[in-house]
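Chemist: Got a predicted model here, sequence first, then my questions.
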Amino acid sequence: MLNKLKQIKEAPIRYGLVSPSLLMIGVFLLIPISIVFVYSFLQPGTYGGVEWTFSLDAYKQFLFEEDFITEELQFTSAYLEIFVRSFSQAAIATFFCFIIGFPTAYFIATRPIHTQSLWLFAITIPYWVNLLVRTIAMLFIIRDQGPLNEFLMYLNFIDTPIKLAYTPFAVSLGLFYSFLPFMVLPIYTALSRFDMSLLTAAHDLYASRWAALRHVLIPSVPHGIYAGCLLVFIPSIGAFIAPDLLGGGKQLMIGNLIALQFQGSRNWPFGAAAAIILLSFILITLLVFSLRKKGE
Amino acid sequence: MKLTTSKLPHKAKLLAIAITAGLFSSTAVQAAGELNIYNWSDYMDQAVLDKFSKKYDVKVTYDTYDSNETLLSKLKSGVTGYDVAVPGDYMVKILIDEDLLEKIEGSKLSNYKNIKSELKDVYYDPGHQYSVPYQTGTTSFVVDTDVYKGDINSLDMLFNPPEELKGKINMFRDVNNVINAALRYKGFEICNNNREELKQVNDLLIEAKQNWQSIASDGAKEMLITGDVALSMAWNGMALQARLEKPSLQYAYPKENMTAWADNLVVLKGSKNIENAKLFLNFMLEPENAAAISNVTGYTPGVVGADQYLVAEFKGAPEFTLPEGNPTPQFVPPCSPEVVKFYDRIWTNLLR
């Protein structure tokens, strides 16, 4: 009874404390998204902007295009391909971030306590530099006459430079590099709470290293892995800078498609529709993840 | 170092004066003015900005964009805070029609008399109500003649490239320049709304894209100099700058013709520093200042009397010399809304 009274008394305080963040989310997230939502149902103005006539053209354009000559609507897979490309690029980036990020996090978590923060520090230092600058630096490293190709040629591994810059590979590399710490940090946090003596116990019970990893270590830190994967996967899907610079503007991803509609192509409603479709996909992904977690 | 030490006493003096003034009267000393400039990348000489800043005691902020379309989209999306921008000819017309410019009555500026006669009466801004000329030039492409030795003066280089150039081509990320080049290559009219012809242009571009390494405007010069590409679309001043760093780079004069352009200084609607902006426009119409910009950018000043200030590299430079028998480079007016919609569609098809 007393407890309940206390709860009732605390409620206003709790809402009071939450209100700044609710306000932030309302003003800077819900209102802009509502604007985007509304714009996606309008007609484009000639030089950008919108005309206030209701229309589903933006969503139609996603799947159908008008024939140049007959003006008939035909199915087109072009934009679906951009979505598939974005999702697969994001999946590749997430996979490699995990492959590199998990051992890194394990390595850090198994260092003596007082050096762990130093290692974490070392992971974050490159990320003090602006993403744009880092991406351009990456371009300089992998270009035909860049240090990577020069080094490989010096070692006589190759005779002529390998084309790395302006390829889908460059985009994957850029995404991987952009988001690596987002994989390392949550996994590290989970691993640092893991009792390492369990691994010793597994070995004592004749588990191989692989079995210990698969059946003891990884199942003990699912939340860290989930968090890491989501934190890499979701921003990768909408990434804009890496495909723009490293892909040479030819490997369009959803982020670039949306940006293009607000710049060169001047079709705001279509850009807004693409953004809404992307948002829905991400929400579905998140829902699937959280339902699966609940199911466990 | 030198700069800061020499500036300090001056500032200290100003401060002393300000404090003294404050002691004697209640009116505070006016803060120095401001001017926010939005310009193309690689299109300004810092020394000229400093000179303006010093002369009029105005704090100048400088920011850049990469195409006329980017400027338009930024302004349409409600970006404010810039006072002066530098749109190309057709874009001045669009910005006036979209009510995005402040009327400045350029002809009333004291240096208006310096404007070249051929730029005095222009279709995009009759009577220079909204704009004054900045720099002029042409748009074509540059080929590395070490990589390809043949004749480069044809749009075949872009749309049907020789083996040596395949995969080593950069196109501008600029809807009009790319589509206009394709229209000329096909021998079609600029700004045309013939569906059959536009379909051919659409297909041509998508086919040609396989041979292009990238579609980017920013950094195109660096790609040429480092050898990442052996051909890039270029403006003539950029071509000059690139050639000075790598002599094998040659500016092409395609026999199918090319675009001529004139960039202009304008004052943006809602500017809070209109007087400073006008001072800046007038300042840039002084031959010495216009020439200083040309010396850095490699383009042609829009005023007379600047030649004496130009560096020697300009004299007889191939980037300014139209070969005999070539058609006169063509100014391209804005197309009708219907055509613009087609262009935008082709552009999305190309980039996706």
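Modeler: Happy to help now that I have it. Residues are numbered from 1 along each chain as shown, chains lettered A, B, ... in the order given.
Chemist: tell me which parts of chain A are close to chain B?
Modeler: Chain A comes close to chain B at residues A:45-49, A:68-69, A:78-79, A:81-82, A:143-145, A:163, A:165-166, A:248-250, A:252, A:256-257, A:260-267, as judged by CB under 8 Å from any CB of the partner chain. (Each C-beta comes from the backbone N, C-alpha and C, glycine too.)
Chemist: quick one, what contacts residue 194?
Modeler: Because you didn't say which chain, this covers chain A. A:109, A:217, A:220, A:221 (CB atoms under 8 Å, 6 or more residues apart in numbering or on different chains).
Chemist: That was the other one, I meant chain B.
Modeler: Under the criterion of CB under 8 Å, 6+ apart, the neighbours of residue B:194 are residue B:188.
Chemist: on that earlier part again, list the ones among the residues of chain A next to chain B that fall in helices.
Modeler: Those of the residues of chain A next to chain B mapping onto helices are A:78, A:79, A:81, A:82, A:256, A:257, A:260, A:261, A:262, per DSSP state H.
Chemist: What's the PyMOL line that selects buried ones from the contacts of residue A:194?
Modeler: Only the buried members of the contacts of residue A:194 enter the following PyMOL selection, criterion being 16 or more other CB atoms under 10 Å in any protein chain shown:
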select buried, chain A and resi 109+217+220+221
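Chemist: Tell me which residue of the stretch 1-150 of chain B lies closest to chain A.
Modeler: Shortest the stretch 1-150 of chain B-to-chain A distance, computed as CB to the nearest CB: residue-wise this is residue B:76, at 3.9 Å.
Chemist: Can you give the domain ranges for chain B?
Modeler: Structural domains of chain B, as assigned by automatic domain parsing, span the residue ranges B:1-29, B:30-134+B:262-313, B:137-260+B:328-351.
Chemist: any idea of the mean pLDDT for the shortest one?
Modeler: Mean pLDDT, computed over domain B:1-29, is 42.
Chemist: Next: stretch B:162-182.
Modeler: When pLDDT is averaged along stretch B:162-182, the result is 94.
Chemist: Can you give me the end-to-end span of that stretch?
Modeler: Its first and final residues considered, stretch B:162-182 spans 17 Å by CA to CA, to the nearest Å.
Chemist: That one and chain A in contact?
Modeler: Yes. Looking at stretch B:162-182 against chain A by CB under 8 Å from any CB, the contacts come from B:167, B:170, B:173, B:174, B:175.
Chemist: same thing with stretch B:256-270?
Modeler: No. Using CB under 8 Å from any CB, we find that stretch B:256-270 stays clear of chain A, coming within 14.5 Å at best.
Chemist: Filter the ones in helices among the residues of chain A next to chain B down to the buried ones.
Modeler: So, of these, A:79, A:82, A:256, A:257, A:260, A:261, A:262 end up buried under the neighbour-count rule (16+ other CB under 10 Å).
Chemist: Need those in CSV (columns: pLDDT and distance to residue A:88).
Modeler: Formatted as CSV, the entries for those read as follows, by pLDDT from 0 to 100; distance: CB to CB, whole Å:
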residue, pLDDT, distance to residue A:88
A:79, 89, 15
A:82, 91, 11
A:256, 91, 15
A:257, 91, 15
A:260, 87, 20
A:261, 89, 22
A:262, 86, 25
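Chemist: Looking at those residues, which is nearest residue A:241?
Modeler: Proximity of these to residue A:241, judged by CB to CB, is greatest for residue A:256, which lies at 9.5 Å.
Chemist: So that closest one versus residue A:95, what's the distance?
Modeler: Noted for residue A:256: a distance of 22 Å to residue A:95, by CB to CB, to the nearest Å.
Chemist: Tell me the secondary structure of the residue lying closest to residue A:282 once chain neighbours are set aside, please.
Modeler: If the residues on either side of it in the chain are set aside, residue A:282 comes closest to residue A:234, at 5.8 Å by CB to CB, 6 or more residues apart in numbering or on different chains. In the three-state summary, residue A:234 is assigned as helix, counting by DSSP: H, G, I helix; E, B strand; the rest coil.
Chemist: next one: residue B:192
Modeler: Local secondary structure at residue B:192 is given as coil here, using three-state DSSP.
Chemist: any idea how far chain A is from it?
Modeler: 13 Å (CB to the nearest CB, to the nearest Å).
Chemist: is it true that that residue touches residue B:339?
Modeler: Yes. Distance between residue B:192 and residue B:339: 6.9 Å, which falls inside the contact criterion (CB atoms under 8 Å).
Chemist: one step back: from the ones in helices among the residues of chain A next to chain B, which two are the most distant?
Modeler: With distance counted by CB to CB, no two of those lie farther apart than A:81 and A:262, which are 20.9 Å apart.
Chemist: does any bit of the strand or helix carrying residue B:138 sit next to chain A?
Modeler: With the criterion set as DSSP states H and E, the secondary-structure element containing residue B:138 is strand B:131-144. No. Contact between strand B:131-144 and chain A is absent, the nearest approach being 12.8 Å (criterion: CB under 8 Å from any CB).
Chemist: Show me what that strand pairs with in its sheet, parallel or antiparallel.
Modeler: Sheet neighbours of strand B:131-144, with direction, are listed as strand B:231-235 (antiparallel), strand B:249-251 (antiparallel), strand B:259-267 (antiparallel), strand B:300-301 (antiparallel) (DSSP bridges).
Chemist: Dump those strands into JSON lines; add mean pLDDT as well.
Modeler: Conversion of the strands paired with strand B:131-144 to JSON lines gives the following (pLDDT from 0 to 100):
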{"stretch": "strand B:231-235", "mean pLDDT": "96"}
{"stretch": "strand B:249-251", "mean pLDDT": "96"}
{"stretch": "strand B:259-267", "mean pLDDT": "96"}
{"stretch": "strand B:300-301", "mean pLDDT": "94"}
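Chemist: per-residue confidence for residue A:60?
Modeler: With respect to pLDDT, residue A:60 scores 91.
Chemist: Burial check on it, number of neighbours?
Modeler: Neighbourhood size, residue A:60 [other CB atoms under 10 Å in any protein chain shown]: 14.
Chemist: how near is it to residue B:199?
Modeler: Here the criterion is CB to CB. By it, residue A:60 lies 20 Å from residue B:199.
Chemist: Any idea which residue of the stretch 201-350 of chain B lies closest to chain A?
Modeler: The minimum distance from the stretch 201-350 of chain B to chain A, using CB to the nearest CB, falls at residue B:214 (2.8 Å).
Chemist: Name the nearest residue to that residue, ignoring sequence neighbours.
Modeler: Sequence neighbours aside, residue A:248 is the residue nearest to residue B:214 in space, at 2.8 Å (criterion: CB to CB, 6+ apart).
Chemist: Contacts only, for that neighbour.
Modeler: With contacts defined as CB under 8 Å, 6+ apart, residue A:248 is in contact with A:165, A:166, B:170, B:213, B:214, B:215, B:216.
Chemist: isn't the last one right next to residue B:174, touching?
Modeler: Spelled out, it's residue B:216. No. Counting by CB under 8 Å, residue B:174 is not a contact partner of residue B:216; they are 10.1 Å apart.
Chemist: of those two, who's got more company?
Modeler: With other CB under 10 Å as the criterion, residue B:216 and residue B:174 differ in neighbour count, and residue B:216 comes out ahead with 23 against 20.
Chemist: that older thread, convert the C-alpha atoms of the strand holding residue B:138 to PDB, please.
Modeler: Output for strand B:131-144, consisting of C-alpha atoms alone and laid out as PDB, is shown next (Å, rounded to 0.1, in the frame of the first residue of the first chain):
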ATOM      1  CA  SER B 131      23.400  40.400 -61.100                       C
ATOM      2  CA  VAL B 132      26.800  41.500 -62.300                       C
ATOM      3  CA  PRO B 133      29.300  39.300 -64.200                       C
ATOM      4  CA  TYR B 134      32.000  37.400 -62.300                       C
ATOM      5  CA  GLN B 135      33.900  35.100 -64.700                       C
ATOM      6  CA  THR B 136      33.200  33.500 -68.000                       C
ATOM      7  CA  GLY B 137      34.400  30.300 -69.600                       C
ATOM      8  CA  THR B 138      33.600  27.100 -71.500                       C
ATOM      9  CA  THR B 139      32.700  23.500 -70.600                       C
ATOM     10  CA  SER B 140      34.300  20.600 -72.400                       C
ATOM     11  CA  PHE B 141      36.700  17.900 -71.300                       C
ATOM     12  CA  VAL B 142      40.400  17.200 -70.700                       C
ATOM     13  CA  VAL B 143      42.300  14.200 -72.100                       C
ATOM     14  CA  ASP B 144      45.700  12.900 -70.900                       C
END
